[in-house]
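Asks: how does the following fold in three dimensions:
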Amino acid sequence: MGNGETRVRGIAARAGGWSARHRWAAVGIWVLFVVLAMGLGSAAGRVDVKDSDQMGGETHTAATIVEDAGIDEPAGETVLIQAKDGSLKATDAEFRAAVAAVVTAVEGTGEVTGVTTPYEARTISKDGHSALVQFDMRGEADTAGERVEPVLKAVEGVQEKHESLRIEEIGGASMMKTFDDAFGDDFKKAEYSAVPVALGILLVAFGALVAALVPVALAITAIIATMGLMALVSHFQPMSETANSVMLLVGLAVGVDYCLFYLRREREERAAGRDAQTALRIAAATSGRAIVVSGVTVCVAMAGMLFTGIAEFEAMGLASLMVVAVAMVGSVTVLPALLSLLGERVEKGRLPFLRRRRKNGGSDGSRFWTAVLRRVLAKPLLAAAVATGALLAVAAPAIGMKTENLTLDQEFGDSLPIVQTYNRVNEAFPGGSDPAEVVVKADDINAPEVRAALADFRERAVSSGASRGPVDITMHDEQNVALVYVPLVGGSDQDKAGESLDKLRDDVRPATLGKVDGVEAPITGQVAGSKDFNDQLVGSVLPVFVFVVVFVFLLMLLSFRSLTIALTSIVLNLLSVGAAYGILVAVFQHGWGASLVGAEGVGAIITWLPLFLFVILFGLSMDYHVFVVSRIREARLRGRTTRDAIQHGVVTTAGVVTSAAVIMVAVFAIFGTLSMQSMKQMGVGLAAAVLIDATIIRGVLLPAVMALLGERNWYLPKWLHRLPDLTHDETPEAIAPAARDDEGERVGV
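Replies: Predicted coordinates:
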């Protein structure tokens, strides 16, 4: 067959061979799949996760009661009126005039309802210098941010006429609008900028425009197809905007990586003297196989999110799983077809200022990593001890990790005026901006015993020290539901507010509403939601952890038929994840170097991030691990000693692993530049983990451990020999007697 022959088997090799022989059919099928998926998805529309399904515990129960009752809670707004210098009190004529002006102004917009003055609702601070005017926005709460602009303008107009007072608005609608205006465009720009960043890095890696465009094009088409599939699947498993953003992030990262692995190997084989057809076959059997093993491993890891029982996590897991599967299929089918069609034209658009280091495409590996490997393999025990010690030291801060749903000031700092308003409201009215909400459901909400229990609850909530009041009750007689709003002592201090919540749930409620038969009274709100979400996540950590670790272990065992490789893969991945946790806690919780990333004063890790990072990183880190170990195994099958195979495998993959890691780090780091601390934490955590994984883990610890283990790397107990053999013969036959490998030695087959 031409000037070379390969003996290959396995799905990746067969798919690559078929695509190369039927290239136009393969490309046509892919284009048809993308168009159909997007078209059908657009026609079906996307169903998003309901608020009640995003929560757990009592928070979920409360949301379900409200939904089932058909109660549409409006977006509530509050106007803070406060004496700037402390000279005026709410009882003074000027203060009263400002209150009246605010009421007149907001009612005049026609966008509000249920306006109450501080004198009616007793919303005057203890010192008498602050007061709240409260009202609801007309229409649906979800779209209130689109209608609040006239109300904000009206309040600003009143402020201009009362310079001695501070008159500011805050609430669900105004926060929604502020966030959309301040961060919506910023977030979209971050997503869009990821593509040109990846393209720029690929241009440097390949030195040719066409070669750089191919991975980006395939990643984008995989993302487009997955968006359509998400819409179809959402009718069975609802999706969300967060899941969409995670899908874009993961899809671009793995889509480009998979194509990069495949394309680099194909170019390397052609540079070594093989014809285009043989080079494609070898790439399919080697890099193609590594892509399939890696893709399946990532999909299994992502599937771990389905065990959390949290709809948002299930949506993120399913969306990520789908985009990885689509990118994997595209990389082993349409990519070989494209390379076959392009042939030598894949080198078109070469950049004159970027020359390959060697005529063979730079497959001799990086001088830097060659020097590192020489020292690591000379003293593997010392290298392993130093690398492990360093990773454990970096991971140490994770022991004291504190997770919580970030409050407004934690999420955005003082970068927005509305955050300052939020802090001022909390100082004057602790817990008033985020009160606990008790959803009381009874057979007859107006029954005397229920009414008495409600009154008793209101009184004890204050006398117990959980709240300073006022405790407001809104009755929905037709639905037999009452909503009780309780400002918690502690305000924005999550720990103190949590203690107040516990008093309500454990002491006040059982002594009042809990004594009435047939009454349900789940307590929800921001503090309760954070606690319930934390509790549910803690409960799901063990099953998710066990599922991911066990299945990844089994996949590695079947793919490499080595118990040692499977075990070391798990341990190295856990070290990588632990180091990422340690960096997150050090920066965002303890504030070490926080000013470098704009994370001062956060003091906690967003609740959903640790489990999310574990699943994502456990999957993504397998990209490099499978690719490097596959190359080491391939060299071992050629007859090299284990030590020589390690050096050959790590050095020859250094370039592609570095390029892939730089792309991932750059894409993730973009999200680390956003103003929202939750997105910043996700970006920094992912970027740091990938960087550690591609350098310390794959460049130092993996080769050191494998060198120490020697031939035991390939150990498989006899009782496991009956396991299915998912390994493939990846050994290309020599193309000519003079052919030499990357280190100048004759290739042994």
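Asks: shaky segments in the stretch 251-400 of the chain?
Replies: Confidence mapping of the stretch 251-400 of the chain against pLDDT under 70 gives the ranges 353-366.
Asks: can you pull out the helices in it?
Replies: 276-283, 289-303, 311-332, 334-342, 367-378, 380-395 (DSSP state H, counting those that start in this stretch).
Asks: again with the stretch 451-600 of the chain
Replies: Counting by DSSP H, counting those that start in this stretch, the helices of the stretch 451-600 of the chain are 494-503, 509-511, 526-560, 563-584, 594-597.
Asks: for the fourth one, packing partners?
Replies: Same thing as helix 563-584. Applying 3 or more CB pairs under 8 Å, 6 or more residues apart in numbering; DSSP states H and E, we find helix 563-584 packed against helix 380-395, helix 526-560, helix 609-637, helix 677-692, helix 702-709. Where C-beta positions appear, they are placed from N, C-alpha and C, glycine not excepted.
Asks: and what of the second one?
Replies: Using 3+ CB pairs under 8 Å, 6+ apart, the elements in contact with helix 509-511 are helix 448-463.
Asks: just the third one next, same as before
Replies: Packed against helix 526-560, as judged by 3+ CB pairs under 8 Å, 6+ apart, are the following elements: helix 57-68, helix 289-303, strand 403-404, strand 436-441, helix 494-503, helix 563-584, helix 609-637.
Asks: what's the most buried one of the helices of the stretch 451-600 of the chain?
Replies: helix 563-584 (a mean of 21; mean count of other CB atoms under 10 Å).
Asks: let me know the angle separating that one from helix 526-560.
Replies: Interaxial angle, helix 563-584 versus helix 526-560 (axes from the mean of the first three to the mean of the last three CA atoms, to 10 degrees): 150 degrees.
Asks: for the stretch 451-600 of the chain, which residues score under the pLDDT cut-off?
Replies: In the stretch 451-600 of the chain, residues with pLDDT under 70: 491-493.
Asks: Tyr422 is nearest to which of the helices and strands packed on helix 526-560?
Replies: helix 494-503 (13.9 Å; CB to CB).
Asks: how close does Phe612 get to Thr297?
Replies: 17 Å (CB to CB, to the nearest Å).
Asks: and the helices and strands packed on helix 563-584 as JSON lines, adding distance to Gln410?
Replies: Putting the helices and strands packed on helix 563-584 into JSON lines (distance: least, CB to CB, whole Å) gives the following:
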{"stretch": "helix 380-395", "distance to Gln410": "24"}
{"stretch": "helix 526-560", "distance to Gln410": "11"}
{"stretch": "helix 609-637", "distance to Gln410": "13"}
{"stretch": "helix 677-692", "distance to Gln410": "6"}
{"stretch": "helix 702-709", "distance to Gln410": "38"}
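Asks: quick one: closest of those helices to Val197.
Replies: Using CB to CB, these put helix 677-692 closest to Val197, at 12.3 Å.
Asks: quick one: mean pLDDT for the closest one?
Replies: Averaging pLDDT along helix 677-692 gives 87.
Asks: state the helix or strand in which Glu169 lies.
Replies: strand 165-171 (DSSP states H and E).
Asks: give me the phi and psi angles of the residue of the chain positioned farthest from its centre.
Replies: Within the chain, the residue lying farthest from the chain centre (CA atoms, centre = their mean) is Ala93, at 52.8 Å. When read as degrees, to the nearest 10, the backbone of Ala93 gives phi -60, psi -40.
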